[in-house]
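*Asks:* Generate coordinates for the sequence data below:
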Amino acid sequence: MSITIKTPEQIEIMARAGQILSQVMRELKNRVEPGITTESLNKLAEELIFDSGSKPAFKGYNGFPAALCTSINEQIVHAVPCERKLIEGDILSLDLGVIYQGFYSDMAVTVPVGAISPEAGRLIRITKKALKRAINRVKPGKTIGDIGHAIQTYVESQGFQIVKELCGHGVGQQLHELPEVLNFGQRHKGLKLELGMAIAIEPMAVMGKPGIKKGPDGSCFQTADNSLSAHFEHTVAVTEKGPRVLTE
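*Replies:* Now for the predicted structure:
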């Protein structure tokens, strides 16, 4: 698979996909509270996506059974929704994608469930800020290494660790395209960004030691030491004016 460069018209379709996704995600975030099940959030996500005239990107992808990934606490990504009820103090990562007119958009947020510990709140804030710092590196001529370096140095400077085994990716007419967008790297190293590229940048940070393991549902990845994890993601296009966040 080679890297696909999108036309301005295709970027506009992806931006519409991103707007739909952002609106659905906002609705889901507002429903997160103690006592709600992750399966009920999944059902709502699917309903809202179909009502918007788009389709869920994840359902059926590599056999994944749901529209929404709902990863709680030590779960990093790809947890399958179930009848588990959220409790006060949990943190929940919502990862969602849509397909609109043949193009994908992909985003993730981590949200508190009721009142959470100060350190959990800090983990969420630092991971979100790492994404913002990475997005600022998205310009023609910058590199994938610049993006990874921005994420890694900031997260580690704040006393957390990044997940090296999982990464972001290109997005377009496929959910996962080239290039891989690592959450670590060296400045000026790796593939150069070009006009028309669209990538999903998704820092994942953990409170404990590095390392991941497969979760009991067979789909999710979680921290090896069961420490808390946070995850944020945006789909971003490379434009002449710099980064264009398509999922905002």
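*Asks:* which secondary structure elements does the longest helix that the chain contains contact?
*Replies:* In the chain, with assignment by DSSP state H, the single longest helix is helix 8-31. Applying 3 or more CB pairs under 8 Å, 6 or more residues apart in numbering; DSSP states H and E, one finds that helix 8-31 contacts helix 38-51, strand 91-100, strand 103-112, strand 234-239, strand 242-245. C-beta: built from backbone N, CA, C; applies to glycine.
*Asks:* For residue 57, which of the ones you listed is the nearest?
*Replies:* For those, the distance to residue 57 is smallest for strand 91-100, at 3.1 Å, taking CB to CB.
*Asks:* could you check the angle strand 234-239 makes with the closest one?
*Replies:* With axes from the mean of the first three to the mean of the last three CA atoms, to 10 degrees applied, the angle from strand 91-100 to strand 234-239 works out at 50 degrees.
*Asks:* C-alpha coordinates for strand 91-100, CSV please?
*Replies:* Taking C-alpha atoms only, strand 91-100 is exported to CSV below (Å, rounded to 0.1, in the frame of the first residue of the first chain):
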residue,chain,number,x,y,z
ILE,A,91,-11.8,7.2,33.1
LEU,A,92,-13.2,6.2,29.7
SER,A,93,-11.7,6.4,26.3
LEU,A,94,-14.2,6.7,23.5
ASP,A,95,-12.7,5.8,20.0
LEU,A,96,-15.0,6.2,17.0
GLY,A,97,-14.9,6.4,13.2
VAL,A,98,-17.4,7.1,10.5
ILE,A,99,-17.6,6.5,6.7
TYR,A,100,-19.1,9.3,4.7
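*Asks:* how far is it from where the chain is centred?
*Replies:* Strand 91-100 has its average C-alpha position 7 Å from the chain's average C-alpha position, going by CA atoms, centre = their mean, to the nearest Å.
*Asks:* again, but for stretch 11-23
*Replies:* Stretch 11-23 has its average C-alpha position 15 Å from the chain's average C-alpha position, going by CA atoms, centre = their mean.
*Asks:* Near residue 224, how many other residues are there?
*Replies:* By the criterion of other CB atoms under 10 Å, residue 224 has 15 neighbours.
*Asks:* typed the wrong thing, it's residue 218
*Replies:* Neighbour count of residue 218, defined by other CB under 10 Å: 9.
*Asks:* Please report how far it lies from residue 233.
*Replies:* In this view, residue 218 and residue 233 are 22 Å apart by CB to CB, to the nearest Å.
*Asks:* Kindly report the same for residue 36.
*Replies:* Distance from residue 36 to residue 233, by CB to CB: 22 Å.
*Asks:* quick one, which of the two is more surrounded?
*Replies:* For residue 36 versus residue 233, neighbours defined as other CB under 10 Å are more numerous around residue 233 (24 against 15).
*Asks:* who touches that one in this structure?
*Replies:* For residue 233, the contacting residues are 95, 106-109, 131, 168, 200-202, 247, by CB atoms under 8 Å, 6 or more residues apart in numbering.
*Asks:* how about 7 Å then?
*Replies:* 95, 106-108, 200-202 (CB atoms under 7 Å, 6 or more residues apart in numbering).
*Asks:* Tell me if I'm right that residue 199 and residue 176 touch.
*Replies:* No: the criterion here is CB atoms under 7 Å, and residue 199 misses it with residue 176 at 11.0 Å.
*Asks:* who has more neighbours, these two?
*Replies:* Counted by other CB under 10 Å, residue 199 and residue 176 do not tie: residue 199 has more neighbours, with 29 against 16.
*Asks:* State the pLDDT value of the more buried one.
*Replies:* Residue 199 is assigned a predicted lDDT (pLDDT) of 98.
*Asks:* tell me the SS of it?
*Replies:* strand (DSSP: H, G, I helix; E, B strand; the rest coil).
*Asks:* Just list whatever residues bridge to it.
*Replies:* Applying DSSP bridges to residue 199 gives these bridge partners: residue 170, residue 236.
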